[in-house]
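>>> got a predicted structure here, sequence first:
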Amino acid sequence: MVRRVSAPGATRPLRALVTDFAWPSLDIEREILSRVGAELVVAQTGEPDELIALASDVDAILTNWKRVPEAAVRASSGCVVIARYGVGVDNIPVQLATELGIVVANVPDFCVNEVADHALGLLLACARRLVPFTSQTRSGLWSLEHAPGLPRLAEQTLGVVGFGRIAQALVPRARGFGLRVLVYTPRLAAGGEVPGSLAAEVEVAPSLDDLLAAADYVSLNVPATQETTGLIGEHELGQMKPSAYLINTSRGALIDEDALARALRERRIAGAALDVLSREPPPSDLPMLAAPNLIITPHAAFYSDASIREVQTRAATNVATVLAGDVPEHVVNPEVLSRRRRPDGSETPS
């Protein structure tokens with residue numbers, strides 16, 4: 001059993017802090033971490049002060065949606081790994097972790113099918129006006145009031161911003177409904193190649209503005225970075241067709257939400273379908289929530305019973321692997337491996 005020396009002549013079990021989780025239990029994590037002699041420390045609120053206090057005596061951090069404060073990372077002098085339950089690491093101070101010799105690990109491909117399915121589901125809900133039809137029918141009005149102007153899906157264009165795993169999984173789903181698929185990334189616009197068989201299924205837009213102007217549905221599929229924060233703002237919304245819909249299953253920070261609220265209220269676009277917001281859960285007075293042409297789901301795109309079991313297993317295995325002195329499956333900051341911290345408190349070349 002691996003144990004950390006906490007005082008001369010004394011040892012304690014390794015500890016992994018869980019900042020937050022969105023599933024019924026942590027039994028999977030406990031079982032996996034017990035194999036390397038580690039126990040869980042589970043935050044009750046995940047608020048910064050609590051995380052800072054708890055982090056001072058742990059060897060690893062597992063985090064879902066809560067932001068890991070820089071102060072918590074600095075306080076955790078024995079931490080050797082921060083693992084994300086998921087893909088994006090915008091809630092982890094990766095640069096600081098790297099400076100301190102801490103491995104950052106994630107699970108970049110656990111929910112590809114679920115998120116692609118969810119994005120397509122949101123698109124179909126917009127395309128067939130399912131929400132207003134349902135609301136009207138429940139109110140006692142059996143009517144086709146929302147049907148005029150309803151286009152045929154197979155004659156429309158899906159614009160995909162970003163072209164990672166999820167975007168690539170979305171393409172055949174959309175093509176199956178007869179949609180034309182237009183994609184944009186700076187790399188592709190500069191002449192980069194579309195992977196494999198997808199080359200025959202998509203067209204590459206020369207710029208984001210060109211994609212926005214041509215698309216009937218715009219799906220955002222990029223991570224939240226310094227470069228992509230506020231990617232869709234007043235200008236970009238103004239490039240979209242008045243009949244177009246904006247779909248976001250990636251990160252709320254990609255959209256200027258005040259600008260989107262105005263565009264929805266003024267009907268400058270037909271609507272939006274969002275699974276993510278810049279603040280989750282949102283405040284009840286968030287202006288956008290009052291828009292009748294908004295569909296919103298509670299950051300649920302990643303969720304299925306199978307995907308949850310997978311992300312629990314793989315995130316916990318990433319932690320256990322580092323605690324055992326090995327390299328995990330997916331390392332976000334590989335440059336740290338040559339000088340990473342060790343579970344015994346040392347820092348030696350990998």
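That came through, no problem.
>>> buried set for stretch 244-261?
Of the residues in stretch 244-261, 244-257, 259-261 count as buried by neighbour count, 16 or more other CB atoms under 10 Å. Where C-beta positions appear, they are placed from N, C-alpha and C, glycine not excepted.
>>> residues contacting residue 173?
Contact partners of residue 173, counting by CB atoms under 8 Å, 6 or more residues apart in numbering, are 116, 117, 120.
>>> that one: which element?
helix 165-176 (DSSP states H and E).
>>> got the buried residues for that helix?
165, 166, 167, 168, 169, 170, 171, 173, 174, 175.
>>> pLDDT averaged over it, what's the number?
For helix 165-176, the mean per-residue pLDDT is 98.
>>> what's the first helix or strand after it?
Note on helix 165-176: by DSSP H and E, the next helix or strand toward the C-terminus is strand 180-184.
>>> just how off-centre is the helix or strand just after that next one within its chain?
Sequence-wise, the next helix or strand downstream of strand 180-184 (DSSP H and E) is helix 186-189. Taking CA atoms, centre = their mean, to the nearest Å, the mean C-alpha location of helix 186-189 is offset from the chain mean by 22 Å.
>>> list the buried residues for helix 186-189?
By 16+ other CB under 10 Å, the buried positions in helix 186-189 come out as 188, 189.
>>> so which residues of the stretch 1-150 of the chain form helices?
27-34, 48-55, 70-75, 94-99, 112-127, 130-138 (DSSP state H, counting those that start in this stretch).
>>> pick the most buried one from these.
For the helices of the stretch 1-150 of the chain, the largest average neighbour count (mean count of other CB atoms under 10 Å) is found in helix 112-127, namely a mean of 21.
>>> off-centre distance for that one?
The chain centroid and the centroid of helix 112-127 are separated by 15 Å, computed with CA atoms, centre = their mean.
>>> same check, this time on stretch 158-173
Relative to the centre of its chain, stretch 158-173 is centred 15 Å away, using CA atoms, centre = their mean.
>>> also stretch 274-289?
So, by CA atoms, centre = their mean, the centroid of stretch 274-289 is 16 Å from its chain's centroid.
>>> then stretch 178-185?
21 Å.
>>> tell me which residues in that stretch are buried?
Buried residues in stretch 178-185, defined by neighbour count with 16+ other CB under 10 Å: 179, 180, 181, 182, 183, 184, 185.
>>> now the third one, nearest residue through space, not along the chain?
Taking CB to CB, 6 or more residues apart in numbering as the measure, residue 181 lies nearest to residue 202, with 4.6 Å between them; neighbours along the chain are not counted.
>>> measure how buried the one you found is and give me the count.
Using other CB atoms under 10 Å, residue 202 is surrounded by 21 other residues.
>>> before we move on, what about residue 195?
9.
>>> just the CA trace of the longest helix seen in the chain, in PDB.
Counting by DSSP state H, the longest helix found in the chain is helix 305-323. The C-alpha trace of helix 305-323 is given here as PDB (Å, rounded to 0.1, in the frame of the first residue of the first chain):
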ATOM      1  CA  ASP A 305     -25.600   5.800 -17.800                       C
ATOM      2  CA  ALA A 306     -22.800   4.400 -19.800                       C
ATOM      3  CA  SER A 307     -20.900   7.700 -20.200                       C
ATOM      4  CA  ILE A 308     -21.100   8.400 -16.500                       C
ATOM      5  CA  ARG A 309     -19.700   5.000 -15.600                       C
ATOM      6  CA  GLU A 310     -16.900   5.500 -18.200                       C
ATOM      7  CA  VAL A 311     -15.900   9.000 -17.000                       C
ATOM      8  CA  GLN A 312     -15.900   7.900 -13.300                       C
ATOM      9  CA  THR A 313     -13.700   4.900 -14.200                       C
ATOM     10  CA  ARG A 314     -11.300   6.700 -16.400                       C
ATOM     11  CA  ALA A 315     -10.900   9.800 -14.300                       C
ATOM     12  CA  ALA A 316     -10.300   7.800 -11.200                       C
ATOM     13  CA  THR A 317      -7.900   5.500 -13.100                       C
ATOM     14  CA  ASN A 318      -5.900   8.600 -14.200                       C
ATOM     15  CA  VAL A 319      -5.500   9.600 -10.600                       C
ATOM     16  CA  ALA A 320      -4.600   6.100  -9.400                       C
ATOM     17  CA  THR A 321      -2.000   5.700 -12.200                       C
ATOM     18  CA  VAL A 322      -0.200   8.900 -11.200                       C
ATOM     19  CA  LEU A 323      -0.400   8.000  -7.500                       C
END
